[in-house]
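Trainee: mind folding the following:
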Amino acid sequence: MHDELTALAERLAALGDRPGVPCPDPVNAAMIRNWTQALGDTGDWSELAPPAMIQVWSMPGLGAARAGSIADEPLRLLDGAGFTGVVATNCDQTYDRYVRVGEALRSTMRFGGVTGPKKTAMGEGYFVTWFQSWWDEDGARVAEMLFRVLKFRPRGAPRRPSGGRYPLRPAIGPDTRFFWDGVDAGELRVQKCADCAALRHPPGPMCPECHSVERDHVVAAGRGTVHSYVVHHHPPVPGRTPPYVVAVVELDEGVRIVGNVNGCDPADVHVGMPVRLVFERMDDDLVLPQWTPLDAPDPEPPAPRPEGLDIALTPTFVIATALATRDHTPVHHDPALARAQGSQDIFLNILTTIGLVQRYALEREPGAELASIAVRLGAPAYAGDTLTLTGGPAADGTYTVRGLVSLGDHVTATVRFKEPHP
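Mentor: Residues are numbered from 1 along each chain as shown. So this is what the prediction gives:
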């Protein structure tokens, strides 16, 4: 397959510019309004279209007769070889001028190339690159775009916190609620029989010593020693970076409890090691009791999320913005299909991401005119998460924008303005 793909890529690249996907509608106010409302863009686009919307004019839409893209053949070949997953990685748009409401556009395409196979976080895959240009009725180019996707062989979707929530939630019932109420209060509570005073953990409905069902609790001092432990390497656990230690800690009070040992190298953990209690915040709602060496400093609090433009990535937002950009790729609408292709949920499409970068830059540089936006995607922006955009002017005169989600950097972008601008 690799040799066939290489030969195909060389043949397509030699063709140069070819007629591209048709633009079925002239630039119109209705599509602009849908796009701006979905993305929360409040700029005045009554006469001009948002420049980051340029690809929308040539998107075929659901059920439309789809004209062939110059990248279709290599994408189909990769599908047939098992590289069925797809995710956009780069989008660089250059704007010769803003297009006006009422203009009819046409597009051309040329093939850029294929690189791979490459080992990526999504799995082994190939990067496919092509270029698209848009032209006005007088034959003048109005915009150009480099677009790159990764076609990868899915290896199973790793699970992750949804919306920044740690996914391994404790089961809280009548027997354990006192324990988790104590954790929320900064206490390690150990169940005690109200009749014979025997301590027990994990909590239960009946005393194993005298069989009484009368219960009370004591607050442990939070000191103990490692009774036994394992160093976890595999399988992956959401919210944890292996290797890490899971230990059975024997409390000074005599009962044993399971928790992670943080704050030291796993190789330094040993049976009999003195440890003390620390509380680890997993998300806005969940705190877990953990352990650290007795002489270790308190863990650093998590870094605050940077201030910027916070965008809640609700499923409605992810789907609505994909529809407003006329992107009907199922990974942006269908959770089951997205997971089957190696993703963890539906996720933000790159047309929306570049539109949000435009929104952020122009809200902070009112009156500026965009010359280009270069976007590089990192971690997917999944439904249920929050995207925080930050950025500002760079030393070289450009404007940098960073988009952060719970998994890390979703997007890094470079924005260039036309001169002069305020």
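Trainee: hey, where'd the strands end up in the stretch 1-150 of the chain?
Mentor: Assigned by DSSP state E, counting those that start in this stretch, the stretch 1-150 of the chain shows strands spanning 18-19, 85-95, 106-120, 123-135, 141-152.
Trainee: and the stretch 201-350 of the chain, by the same measure?
Mentor: Using DSSP E, counting those that start in this stretch, the strands found in the stretch 201-350 of the chain span residues 215-219, 223-232, 244-251, 256-261, 274-281, 287-293, 309-312.
Trainee: and those as TSV, adding mean pLDDT, mean neighbour count and distance to W180?
Mentor: All C-beta spots, glycine's among them, are computed from the backbone N, C-alpha and C. Below are the strands of the stretch 201-350 of the chain laid out as TSV (pLDDT from 0 to 100; neighbours: other CB atoms under 10 Å; distance: least, CB to CB, whole Å):
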stretch	mean pLDDT	mean neighbour count	distance to W180
strand 215-219	96	15	12
strand 223-232	96	17	20
strand 244-251	96	19	18
strand 256-261	96	19	13
strand 274-281	91	18	12
strand 287-293	93	20	9
strand 309-312	92	16	27
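Trainee: and those strands: which comes nearest A30?
Mentor: Checking those against A30 by CB to CB gives strand 309-312 as the closest, at 23.7 Å.
Trainee: other SSEs contacting the closest one?
Mentor: Here strand 309-312 touches helix 350-364, strand 386-393, going by 3 or more CB pairs under 8 Å, 6 or more residues apart in numbering; DSSP states H and E.
Trainee: in contact with A221, which residues?
Mentor: By CB atoms under 8 Å, 6 or more residues apart in numbering, the residues touching A221 are L251, D252, E253.
Trainee: so the second one touches V190, yeah?
Mentor: No: with contacts defined as CB atoms under 8 Å, D252 does not count as touching V190, sitting 10.8 Å away.
Trainee: okay, these two: which has more neighbours?
Mentor: V190 (22 against 12; other CB atoms under 10 Å).
Trainee: counting neighbours, what do you get for the nearest residue to P117 once chain neighbours are set aside?
Mentor: Distances taken as CB to CB, 6 or more residues apart in numbering put E124 closest to P117, at 5.2 Å, once the chain neighbours are dropped. Per other CB under 10 Å, the neighbour tally for E124 reads 14.
Trainee: about what we covered before: most packed of the helices and strands packed on strand 309-312?
Mentor: With neighbours defined by mean count of other CB atoms under 10 Å, none of those is more surrounded on average than helix 350-364, at a mean of 24.
Trainee: now it: average pLDDT?
Mentor: Average pLDDT, helix 350-364: 96.
Trainee: related to what we said a few turns ago, overlap of the contact sets of D252 and V190?
Mentor: Common neighbours of D252 and V190 (CB under 8 Å, 6+ apart) are A220.
Trainee: hmm, back to that, what's the closest of the helices and strands packed on strand 309-312 to P51?
Mentor: Using CB to CB, the helices and strands packed on strand 309-312 put helix 350-364 closest to P51, at 6.7 Å.
Trainee: between strand 386-393 and that closest one, find me the angle.
Mentor: Computed with axes from the mean of the first three to the mean of the last three CA atoms, to 10 degrees, the direction of helix 350-364 lies at 50 degrees from that of strand 386-393.
Trainee: please export the C-alpha coordinates of helix 350-364 as CSV.
Mentor: Provided in CSV are the C-alpha atoms of helix 350-364 (Å, rounded to 0.1, in the frame of the first residue of the first chain):
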residue,chain,number,x,y,z
ILE,A,350,-11.1,22.8,12.7
LEU,A,351,-13.3,25.2,10.8
THR,A,352,-14.8,26.2,14.2
THR,A,353,-11.4,26.4,15.8
ILE,A,354,-10.1,28.8,13.2
GLY,A,355,-13.3,30.9,13.5
LEU,A,356,-12.8,31.1,17.3
VAL,A,357,-9.2,32.2,16.8
GLN,A,358,-10.5,35.0,14.4
ARG,A,359,-13.1,36.0,17.0
TYR,A,360,-10.6,36.2,19.8
ALA,A,361,-8.1,38.2,17.8
LEU,A,362,-10.5,40.7,16.3
GLU,A,363,-12.3,41.3,19.7
ARG,A,364,-9.0,42.3,21.1
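Trainee: parallel or antiparallel, list what pairs with the next helix-or-strand element following that helix.
Mentor: The helix or strand immediately downstream of helix 350-364 is strand 370-377, counting by DSSP states H and E. Here strand 370-377 has these sheet partners by DSSP bridges: strand 85-95 (antiparallel), strand 408-417 (antiparallel).
Trainee: gap between strand 370-377 and the chain center?
Mentor: Its chain's C-alpha centre lies 19 Å from the corresponding centre of strand 370-377 when counted by CA atoms, centre = their mean, to the nearest Å.
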